[in-house]
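[1] Give me a model of this one.
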Amino acid sequence: MTPIDIYNQVYTFSSLPTTIICDLHSACSPQKKKSYLCSHAGSKTPVIDFDNVKTRADIAQGVESRKSVDALTVSPSRTFLCFIELKSWDLLITYNGSEKNVRKQVAKYSSDLPTKLSDSMQICEEITNNPDTFDECKIIYILITDISVEDDGISALSSDLMALAGISSDLKELCNSLSKGVMDGITSVETRYWECRSFDRNISVL
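    Predicted coordinates for the structure are as follows:
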């Protein structure tokens, strides 16, 4: 199946209209009493709330709650089906900023992220009722973060106060290095590690 065929069937199955990653991201969702990090309007790219899809699919299949990615979309060129996972390093650094806690969180990512992808793909196969759903489909698995993924981490801090408080770019660089390592370890599909503010720009060229 093509990426757009799969996307359309999953959208039809979903009980909700499309949304944007900003409204699903714990870092800036107004529904979680936060403000958009990138602009007042947020992302312009429509995505499917895949947690909602997973819940409906679990009920339909009569199975216990599975893991799932946060969102699903198709690239503007319709070349790629994009599974999207949203994480917030900024919150962890702000409230529990230490190398030990970063490494502990990454260990959890290493376990959870591959399972979230495989469970989400299985759900898509159930929705399409086709065991060969992905035979002709190019997939990209995207991990989204709320910190800068540029090499010059300190200049890209969202708040200079964080730097003044003693949170150095080293910790952010560790977050990025370990996160990229987790995504590089997933070899079954193409992967990306992007900052949320760059999501629209990055996906526009896919």
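
[2] Pull the residues that contact the helix or strand containing residue 179.
    Using DSSP states H and E, residue 179 falls within helix 169-184. Here helix 169-184 makes contact (Cβ atoms under 8 Å, 6 or more residues apart in numbering) with 87, 89, 92-93, 97-99, 102-103, 106, 109-110, 113, 141, 143, 145, 147-149, 152-154, 157, 163, 191-193. (Glycine included, C-beta is placed from N, CA and C.)

[3] Based on its surroundings, how many neighbours for residue 2?
    By other Cβ atoms under 10 Å, 14 other residues sit near residue 2.

[4] Now do the buried residues in stretch 193-206.
    Judged by neighbour count (16 or more other Cβ atoms under 10 Å), stretch 193-206 contains these buried residues: 193-197, 199-200, 203, 206.

[5] for the next helix-or-strand element following the helix holding residue 179, packing partners?
    Scanning forward in sequence from helix 169-184 by DSSP H and E, the next helix or strand is strand 190-195. The contact analysis (3 or more Cβ pairs under 8 Å, 6 or more residues apart in numbering; DSSP states H and E) places strand 190-195 against strand 138-145, helix 169-184.

[6] Give me whichever of these is most buried.
    Counting by mean count of other Cβ atoms under 10 Å, strand 138-145 has the highest mean neighbour count of those, with a mean of 21.

[7] Could you list every helix and strand that it packs against?
    Under the contact criterion of 3+ Cβ pairs under 8 Å, 6+ apart, strand 138-145 touches strand 80-86, helix 99-128, helix 169-184, strand 190-195.

[8] which secondary element of this protein has the worst mean pLDDT?
    Of all helical and strand segments in the chain, the minimum by mean pLDDT, DSSP states H and E falls on helix 160-164, at a mean of 43.

[9] Let me know the average pLDDT across stretch 45-61.
    Averaged across stretch 45-61, the pLDDT comes to 96.

[10] okay, and for this structure, where does confidence drop off?
    26-27, 29-41, 151-169 (pLDDT under 70).

[11] 90 instead, please
    15, 22-43, 88, 90-99, 131, 136, 146-173, 196-197 (pLDDT under 90).

[12] Where does the nearest residue in space to residue 44 that is not next to it in sequence sit: helix, strand or coil?
    Excluding the flanking residues, the one nearest residue 44 by Cβ to Cβ, 6 or more residues apart in numbering is residue 200, at 5.5 Å. Counting by DSSP: H, G, I helix; E, B strand; the rest coil, the backbone at residue 200 sits in helix.
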